[in-house]
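**Q** quick one: sequence and predicted model below, then my questions.
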Amino acid sequence: MKIPPARIDAFVKAPDKSLRVFLVYGADLGLVHERAVAISKYLISDVNDPFSSVTLDADKIAKEPFLLIDEMCSISFFGSSKLVKIRNPASDIANAVSALLSHTSINNTLIIEDGELSAKSKLRKICEDHALAAAIPCYVEDNASKSRFIRDFLSQNSISADSSVINAVAEVMPPNRLAMRSELDKFVTYIGNSKTASMEDVEACFQSAAGSSVDDLILAAASGNTSAAMQMLDFLFAEKTPPIMILRSAQRHFMKLHFIKLQNASGISISEAVSNLKPPVFWKHKDIIAGQAAKLSVRRIEAALLRLYNSERLIKSGTVPIETLCSQTILGLSL
């Protein structure tokens, strides 16, 4: 059974207990694990009970498929059904799962956590096509999905926030669900007893260390703030930030400016063009980027991109002092 994206959240909260195999897969391994745990908790009362739950080794299952069938047909110590888990199988277990689903005496439930699987994946196709299996994809979340999760997370912690605050938090969240949850735990701790999240809270919590970030370095350089840009660059070098990372971040920034200028030339306002950027720009940076786009000419932006590409090529050649070249490039962008 293939679970469509619109039904996934509802399905995970109340999965069909008649199913014997759940394949939870996707690029966001944090979300994969979170959904697998949610399904597990719905199916059995104590996921940590060794008599009710067992984890199998995928390598052994791939070599000896009957081990999976034996475990899935066994009866737990207390006579109730059991949960069998396989996490991140490096070996191909598709044949073992196929053999399992053809068996008529399955007593237990299997949950498989896996990474990204293509549409041609044999394991994915088996679980999508069989009536006793479910394939649950976990895509990297967009800002709308992040916003829904953030709103629910804050609500569970009795914290209210308006849409602008939710959207601002979504823009700075990492794409991985586990990392996102960790950041939100910090945010909840920061808010404390106030129980209302404000834009000031977002800025203080998520932007307090951003003064020396790569993004702020590039913003300063593109705005012509040479002194601030070079101070940030010195800090980033002290923090062992790879120069190639700095140059590529600058490339992405000037490509955004180039996109804005092209949109503006086609009749779209600069502010609207900034809003059209993907991924969305952090709310605090929108006016800064709009100002840069208004000030810089297309020729100036293209010259900056050419300089950045040439600098990256020279760094990869290994014939020049890397930090010196990076400093000269950033200095040139800011003048």
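**A** That came through fine.
**Q** and the helix or strand of the chain with the lowest mean pLDDT, what does it pack against?
**A** Least confident helix or strand, the chain: helix 199-207 with a mean of 76, by mean pLDDT, DSSP states H and E. Taking 3 or more Cβ pairs under 8 Å, 6 or more residues apart in numbering; DSSP states H and E as contact, the helices and strands that helix 199-207 lies on are helix 163-172, helix 177-191. Just so you know, the C-beta spots here come from the backbone N, C-alpha and C atoms, and that holds for glycine as well.
**Q** helix, strand, or coil at Leu110?
**A** Following DSSP: H, G, I helix; E, B strand; the rest coil, Leu110 is assigned to strand.
**Q** so who does it touch?
**A** Listed by Cβ atoms under 8 Å, 6 or more residues apart in numbering, the contact set of Leu110 reads Arg20, Val21, Phe22, Leu68, Met72, Val84, Lys85, Ile86, Val97, Leu100.
**Q** run the last query once more with 6 Å
**A** By Cβ atoms under 6 Å, 6 or more residues apart in numbering, the residues touching Leu110 are Val21, Val84.
**Q** compare the helices and strands packed on helix 199-207 and give me the one nearest Ser266.
**A** helix 163-172 (25.6 Å; Cβ to Cβ).
**Q** buried sites along the closest one?
**A** Residues Val165, Ile166, Asn167, Ala168, Val169, Ala170, Glu171, Val172 are the ones in helix 163-172 that count as buried (16 or more other Cβ atoms under 10 Å).
**Q** neighbours of Met200, how many?
**A** Just to correct that, residue 200 is Glu rather than Met. When neighbours are counted by other Cβ atoms under 10 Å, Glu200 registers 9.
**Q** looking at the helices and strands packed on helix 199-207, which is closest to Ile126?
**A** It's helix 177-191; of the helices and strands packed on helix 199-207, that one is closest to Ile126 (Cβ to Cβ) at 25.6 Å.
**Q** for the buried residues of helix 163-172, which one is nearest Gly115?
**A** Gly115 has its nearest neighbour among those in Ala170, at 24.2 Å by Cβ to Cβ.
**Q** Ala293: which element?
**A** helix 286-295 (DSSP states H and E).
**Q** just checking, what packs against that helix?
**A** The contact analysis (3 or more Cβ pairs under 6 Å, 6 or more residues apart in numbering; DSSP states H and E) places helix 286-295 against helix 270-275.
**Q** just the pLDDT for His85.
**A** Wrong residue type there; residue 85 is Lys, not His. According to the per-residue confidence, Lys85 scores 95 in pLDDT.
**Q** ok so it is a helix residue?
**A** No: looking at Lys85 with three-state DSSP, it is strand, so not inside a helix.
**Q** list the contacts for it?
**A** Thr55, Ile111.
**Q** apply 7 Å and report the result again.
**A** Taking Cβ atoms under 7 Å, 6 or more residues apart in numbering, we find Lys85 in contact with Ser53, Thr55, Ile111.
**Q** equivalent analysis for Ile75, please.
**A** When contacts are counted by Cβ under 7 Å, 6+ apart, Ile75 touches Asn107.
**Q** from Ile106, how far off is it?
**A** Look at Ile75 and Ile106: by Cβ to Cβ, to the nearest Å, they are 12 Å apart.
**Q** go on, Ile260?
**A** From Ile260 to Ile106 the distance is 57 Å (Cβ to Cβ).
**Q** neighbour-wise, which of those two wins?
**A** Comparing Ile260 with Ile106 by other Cβ under 10 Å, the one with more neighbours is Ile260, at 26 against 17.
**Q** surely that one meets Gln292?
**A** No: if you go by Cβ atoms under 7 Å, Ile260 and Gln292 don't touch, sitting 8.7 Å apart.
**Q** now do the phi/psi pair for the most centrally placed residue in the chain.
**A** Centroid check for the chain by Cα atoms, centre = their mean gives Pro175 as the closest residue, at 1.8 Å. When read as degrees, to the nearest 10, the backbone of Pro175 gives phi -70, psi -20.
**Q** what sits closest to it if chain neighbours are left out?
**A** Val140 (4.9 Å; Cβ to Cβ, 6 or more residues apart in numbering).
**Q** likewise Asp16?
**A** Using Cβ to Cβ, 6+ apart and skipping the chain neighbours, the partner closest in space to Asp16 is Ala134 (7.3 Å).
**Q** other residues contacting the helix or strand hosting the one you found?
**A** In the assignment (DSSP H and E), Ala134 maps to strand 133-137. Contact with strand 133-137 is made by 1-3, 8, 19-26, 35, 101, 124, 126-128, as judged by Cβ under 7 Å, 6+ apart.
**Q** among the residues you listed, name the ones in strands.
**A** Counted as lying in strands by DSSP state E, out of the contacts of strand 133-137, are Val21, Phe22, Leu23, Val24, Tyr25.
**Q** in a markdown table, list the residues you listed along with pLDDT and distance to Thr226.
**A** What follows is these, written out as a markdown table (pLDDT from 0 to 100; distance: Cβ to Cβ, whole Å):
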| residue | pLDDT | distance to Thr226 |
| --- | --- | --- |
| Val21 | 96 | 60 |
| Phe22 | 97 | 56 |
| Leu23 | 97 | 54 |
| Val24 | 96 | 50 |
| Tyr25 | 95 | 48 |
